[in-house]
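>>> Okay, predicted coordinates and the sequence, questions at the end:
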Amino acid sequence: IVKNSWGTTWGMSGYILMAQHVGATGICGINMMSSYPVAGAVAAAPSNDAHYEDPKPSGCQSDELSVQVEGLAGDFCSPYCSASQACPTDLPDGTTATPECVLETQGSSSPTNCALICNPATNDGCPQNASCKPISGIGVCTYDD
């Protein structure tokens with residue numbers, strides 16, 4: 001199962017089925033630029049209650065992972081999500097990016113974590129000290145190191 005970057009009106013509610021292990025580059029070159037979050041250690045929760053915060057220096061909340069998306073600079077705290085558990089909407093002050101359940105941990109076949117989705121053309125909507133990084137036709141807010 002692959003999440004597309006064109007939204008839920010394309011494919012199977014925004015996903016497609018694609019065969020695995022088909023040549024070095026994969027079907028349509030999918031193996032050439034795939035991305036998934038790399039989870040880090042979860043530290044103590046920060047003093048504010050908003051999700052999607054900078055994991056440095058205070059760490060993430062107990063229902064989040066410190067995530068760095070392969071191919072993107074920076075990191076962020078990523079809440080857990082699933083088909084039955086929506087992404088939290090308590091955003092850092094001033095944030096207008098949209099929380100979406102779009103990240104898959106390595107080995108998963110469906111999204112397991114949330115990210116703040118933004119428009120890389122305008123580079124706005126991300127929390128303070130974060131910026132919108134383009135990947136696969138969308139943007140993801142990450143905190144710059």
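Sure thing, it's come through.
>>> where does the chain dip in pLDDT?
Within the chain, the stretches with pLDDT under 70 are 1, 3-7, 10, 12, 20-22, 24-48.
>>> Do a quick rundown of the strands in it.
Remark: strands assigned in the chain by DSSP state E are 2-3, 15-16, 37-39, 64-69, 76-79, 98-103, 113-118, 130-135, 138-143.
>>> Find the nearest non-adjacent residue to Asp49, please.
Nearest residue to Asp49 in three dimensions, chain neighbours excluded: Asp90, at 6.3 Å (C-beta to C-beta, 6 or more residues apart in numbering). For the C-beta atoms, the positions are set from N, CA and C on the backbone; glycine is no exception.
>>> which ones are touching that neighbour?
By C-beta atoms under 8 Å, 6 or more residues apart in numbering, Asp90 lies in contact with Asp49, Ala50, His51.
>>> Could you tell me which of these count as buried?
Burial by neighbour count, 16 or more other C-beta atoms under 10 Å: within these this picks out Ala50, His51.
>>> Run through who's touching stretch 119-138.
For stretch 119-138, contacts defined as C-beta under 8 Å, 6+ apart pick out 5-6, 33, 35, 52-54, 69, 71-74, 76, 91-98, 116-118, 139-144.
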